[in-house]
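Peer 1: Predicted model, plus sequence, below.
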Amino acid sequence: MPRAEAEEYASWFKALADATRIQIVSLLARSRRPMTVGEIVDAANVGQSTVSHHLKILAEVRFVLVDRQGTSSLYRINDNCVSCFPTAADVVMGKPVPAPPTCE
């Protein structure tokens, strides 16, 4: 596995190495709609600053996309990126590479 690809996969695993971030990804994936930080705070039952911190990390690896609307930000799951994750886990475990990951 090329180093750059390994680093990309590592960033994905690192982003999901926190229970709150997994909750947020699951919440956004299941809601199937963009959500405000306030809605995510209410659903995840953690503080606003904690949610904002985790959303930033998830956005950096593009698991979560941000749509700015005036002074508000709406967060939504990036289906393209999240769907790559199981393949990444398979590849790391030695299964054949089906196609290069594209997380846009």
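Peer 2: Nice, I can see it. The shown structure was predicted, so the numbers you read here are calculated from the model rather than taken from an experiment.
Peer 1: just the strands in this structure please.
Peer 2: 64-69, 72-77 (DSSP state E).
Peer 1: Could you list every helix and strand that the first one packs against?
Peer 2: In this structure, strand 64-69 packs against helix 19-31, helix 48-60, strand 72-77, with contacts taken as 3 or more C-beta pairs under 8 Å, 6 or more residues apart in numbering; DSSP states H and E. Heads up, the C-betas are built off the backbone N, CA and C, glycines and all.
Peer 1: quick one: buried residues of that strand?
Peer 2: Residues 64, 65 are the ones in strand 64-69 that count as buried (16 or more other C-beta atoms under 10 Å).
Peer 1: That strand - what's its average pLDDT?
Peer 2: In this model, strand 64-69 has an average pLDDT of 92.
Peer 1: who does that strand pair up with?
Peer 2: strand 72-77 (antiparallel) (DSSP bridges).
Peer 1: quick one on the thing from earlier: any chance of the strands of the chain in a markdown table with distance to residue 2 as columns?
Peer 2: A markdown table is the format used below for those (distance: least, C-beta to C-beta, whole Å):
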| stretch | distance to residue 2 |
| --- | --- |
| strand 64-69 | 26 |
| strand 72-77 | 28 |
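Peer 1: Any idea which of those gets closest to residue 35?
Peer 2: Nearest to residue 35, of all the strands of the chain, is strand 72-77, at 5.7 Å by C-beta to C-beta.
Peer 1: got the angle for that closest one vs helix 48-60?
Peer 2: In terms of direction (axes from the mean of the first three to the mean of the last three C-alpha atoms, to 10 degrees), strand 72-77 departs from helix 48-60 by 60 degrees.
Peer 1: circling back to that earlier point, would you format the helices and strands packed on strand 64-69 as JSON lines with mean neighbour count included?
Peer 2: Shown next, in JSON lines, are the helices and strands packed on strand 64-69 (neighbours: other C-beta atoms under 10 Å):
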{"stretch": "helix 19-31", "mean neighbour count": "17"}
{"stretch": "helix 48-60", "mean neighbour count": "16"}
{"stretch": "strand 72-77", "mean neighbour count": "17"}
